[in-house]
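*Asks:* what shape does this take:
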Amino acid sequence: MTDSPFAISGVVPAIAVKADHGHRSETGIGALMPWAGRLWFVTYVAHKRGGGTGLFSLDDDFQMIKHPESVVGTYANRLVHKESSQLFIGPHVIDTAGAVRTIDGLVNTRLTATCRHLTDPANKVFVLGMEGEFFEVDVHTLEVKQLFDLLLELDVAGRPHFKDAYTRHGRVVVVNNSYFDEDFRAGQSDGRLAEWDGTEWRILARTQFNTLASANGIGEAIYAVGQDRASALFQVFLPDTGWTTYRLPKATHTQDHAFTTEWPRIREVESERLLMDASGLYYELPAMTYDNAVWGLRPISTHLRVVGDFCSWNGLLVLAGDQTTPIGDTNPVAGQPQANLWFGTTDDLWKFGKPSGWGGPWWDTPVTAGLPSDPYLMTGFDAKCLHLSQDADQPLDVAVEIDFMGTGRFHRYHTITVPAGGYECFTFPPGFSAHWVRLVPSADCVATAQFVYT
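*Replies:* Now for the predicted structure:
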């Protein structure tokens, strides 16, 4: 081993990656994975403009190599294909000896996900493009076949930003995070959570979704993360129950727009340990579910980093970044596009900003008498306040129900009366918490309910 590299707060300046000045574009690090004795990663430019990005690898002495097979593009996909012992990352395929091949038919597509095949997983994979292209790739010959245009299959009106795909339980699930200012005002968007069973596509939700994951071999759940006006969204699929909607706080609004969500992720960071990044909050995510419910989802910290991917490597947690992005004239003072990796430990995340956030089940939402809201996360935050408003011409009673064990069994805790067409708030006692909280209205109306956790 050589001497340890010069580092500042977990960042090694010598391994920064830079794009050229041609289009003053972007050089985010879209995917990384330990493989073949090295840490591999791909960098991306915005909209396939500019140059200087590509496929890189890092050895144990922090010596970085840009691979001769590098191509310039917009890539954020990765998958270890177990049957062929190959890493798929960007348009490249890497074997266990570190030999690299490039899938020529995918170089010009903005790649966002590679996932397992439904019917021939030993020989093929699926690949998703940001513009909704859905491909099938032979893992041996690298032959590419486009199966779908998801803009047509999923009724996306022409502003796609497909971000992730995942295969499990006989279905391929995809997410699209298109979300713009007018979508916020209208309460809907071209964002999608959708699934394909090999026969037909089915739209599950019409709002922004960003990422998907599962703890293969450990737990049964598929997790999907998105958001709407009211809060972050946490969708959970279990074979016995199907899809269930939970809601989480937002720690920032900088991720509300489609173009500023690079990139919420769920990854395994140590054995049997999942880490989730969603709406500016890191979470410890349970790998296993019990009694068809999510127990132990715990916020770790808030942050404002753009984290394209993360993984464990050589006992370290590695966060991929996107630090300096001019993108033409949108940020003219930013200088040369560049990005870097952060090295630390998973436990270091607890030293970041203390968990805080806001959100709730309703935002100018039509509610139905006696129908409970989606469960909203309560655990892991300090001071808690609930704000309520409603538009009816009579008072509205809102029952606060608590699931303190995380099993999906709720108990009545308190009832808040909101005056006709008015507003009310409720502050929870210091130290009060539970896994989940939900609200039950006494009448039909349009209501808003937002929790603020500080």
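
*Asks:* quick one: pLDDT of residue 328?
*Replies:* Looking at residue 328, its pLDDT is 67.

*Asks:* quick check: which ranges of the protein have low pLDDT?
*Replies:* Under the criterion pLDDT under 70, the flagged ranges of the chain are 1-2, 21-23, 217, 258-262, 328-329.

*Asks:* show me the longest helix that occurs in it.
*Replies:* helix 181-186 (DSSP state H).

*Asks:* tell me what that helix is packed against?
*Replies:* The helices and strands touching helix 181-186, judged by 3 or more Cβ pairs under 8 Å, 6 or more residues apart in numbering; DSSP states H and E, number zero. For the C-beta atoms, the positions are set from N, CA and C on the backbone; glycine is no exception.

*Asks:* may I see the buried residues of it?
*Replies:* For helix 181-186, a neighbour-count test (16 or more other Cβ atoms under 10 Å) marks 183-184 as buried.

*Asks:* list the contacts of the following helix or strand past it.
*Replies:* The helix or strand immediately downstream of helix 181-186 is strand 192-196, counting by DSSP states H and E. Under the criterion Cβ atoms under 8 Å, 6 or more residues apart in numbering, residues 118, 150, 153-154, 156, 171-176, 201-207, 209, 224, 226, 235 lie in contact with strand 192-196.

*Asks:* do stretch 207-214 as well
*Replies:* By Cβ under 8 Å, 6+ apart, the residues outside stretch 207-214 that reach it are 163-166, 168, 173-179, 183, 188-189, 191-193, 221-228, 233, 235, 256, 258, 261, 263-267, 274, 276, 278.

*Asks:* please convert the buried members of those into PyMOL selection syntax.
*Replies:* In PyMOL, this line selects whichever of the contacts of stretch 207-214 come out buried by 16+ other Cβ under 10 Å:
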select buried, resi 163+164+165+166+168+173+174+175+176+177+178+179+183+189+191+192+193+221+222+223+224+225+226+227+228+233+235+256+258+261+263+264+265+266+267+274+276+278
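
*Asks:* give me the subset of the contacts of stretch 207-214 lying in helices.
*Replies:* Per DSSP H, those map to helices at residue 183.

*Asks:* give me the element residue 431 is part of.
*Replies:* Going by DSSP H and E, residue 431 is not part of any helix or strand.

*Asks:* residues contacting it?
*Replies:* With Cβ under 8 Å, 6+ apart, residue 431 has no contacts at all.

*Asks:* what does residue 158 give?
*Replies:* So residue 158 contacts 151, 190 (Cβ under 8 Å, 6+ apart).

*Asks:* do the same with the one 5 residues further on
*Replies:* When the contact criterion is Cβ under 8 Å, 6+ apart, the partners of residue 163 are 76, 112-113, 130, 175-177, 209-211, 261, 263.

*Asks:* if we use 6 Å, what do you get?
*Replies:* Applying Cβ atoms under 6 Å, 6 or more residues apart in numbering to residue 163 gives the contacts 112, 175, 177, 210.

*Asks:* could you measure it against residue 220, distance?
*Replies:* According to Cβ to Cβ, to the nearest Å, residue 163 and residue 220 sit 23 Å apart.

*Asks:* repeat that for residue 419.
*Replies:* 45 Å.

*Asks:* show me which of those two is the more surrounded one.
*Replies:* A direct count of neighbours by other Cβ atoms under 10 Å for residue 419 and residue 220 places residue 220 higher, at 16 against 13.

*Asks:* contact partners for that one?
*Replies:* 238-239.

*Asks:* switch the cut-off to 10 Å
*Replies:* Applying Cβ atoms under 10 Å, 6 or more residues apart in numbering, we find residue 220 in contact with 168-169, 214, 237-240, 288-289, 292.

*Asks:* cool, and residue 439?
*Replies:* Taking Cβ under 10 Å, 6+ apart, we find residue 439 in contact with 360-362, 367, 371-376, 386, 388, 398-401, 416, 447, 449, 451.

*Asks:* and it, how far from residue 246?
*Replies:* Residue 439 is 14 Å from residue 246, by Cβ to Cβ.

*Asks:* with residue 161 instead?
*Replies:* Shown here: residue 161 relative to residue 246, a distance of 23 Å by Cβ to Cβ.

*Asks:* now residue 37
*Replies:* From residue 37 to residue 246 the distance is 40 Å (Cβ to Cβ).

*Asks:* again, but for residue 100
*Replies:* According to Cβ to Cβ, residue 100 stands 40 Å off from residue 246.

*Asks:* of these two, who's got more company?
*Replies:* Between residue 100 and residue 246, residue 246 has the larger neighbour count (other Cβ under 10 Å), namely 21 against 18.

*Asks:* ok, now which ones touch residue 91?
*Replies:* Per Cβ under 10 Å, 6+ apart, neighbours of residue 91: 42, 55, 69, 71, 73, 75, 77, 101-109, 111, 114, 127, 137, 142, 144.

*Asks:* of those, grab the buried ones for ChimeraX.
*Replies:* Selection of buried members from these for ChimeraX, criterion 16+ other Cβ under 10 Å:
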select :42,55,69,71,73,75,77,102,103,105,106,107,109,111,114,127,137,144
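
*Asks:* find the nearest non-adjacent residue to the residue most central in space within the chain, please.
*Replies:* Residue closest to the average C-alpha location in the chain (Cα atoms, centre = their mean): residue 264, at 3.0 Å. What sits nearest to residue 264 in space, not counting adjacent residues and going by Cβ to Cβ, 6 or more residues apart in numbering, is residue 210, at 4.2 Å.

*Asks:* next: residue 331.
*Replies:* residue 325 (6.4 Å).

*Asks:* next up, the contacts around that neighbour.
*Replies:* Residue 325 neighbours (Cβ under 10 Å, 6+ apart): 19, 24-28, 45-46, 262, 306, 331, 334, 337-339.

*Asks:* what about it, distance to residue 370?
*Replies:* The spacing between residue 325 and residue 370, counted by Cβ to Cβ, is 49 Å.

*Asks:* any idea how far residue 148 is from residue 200?
*Replies:* 11 Å.

*Asks:* who's more crowded, these two?
*Replies:* residue 148 (18 against 8).

*Asks:* excluding its backbone neighbours, what's nearest the more buried one?
*Replies:* residue 134 (4.1 Å).

*Asks:* need the longest strand for the chain.
*Replies:* Longest strand of the chain, by residue count under DSSP state E: strand 357-367.

*Asks:* which strands and helices sit next to the helix or strand following it?
*Replies:* Counting by DSSP H and E, the element after strand 357-367 in chain order, helix or strand, is strand 376-377. Using 3 or more Cβ pairs under 10 Å, 6 or more residues apart in numbering; DSSP states H and E, the elements in contact with strand 376-377 are strand 232-238, strand 242-248, strand 357-367, strand 436-441, strand 445-453.

*Asks:* as a markdown table, these with distance to residue 85 would be great.
*Replies:* Shown next, in a markdown table, are the helices and strands packed on strand 376-377 (distance: least, Cβ to Cβ, whole Å):
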| stretch | distance to residue 85 |
| --- | --- |
| strand 232-238 | 28 |
| strand 242-248 | 33 |
| strand 357-367 | 41 |
| strand 436-441 | 41 |
| strand 445-453 | 45 |
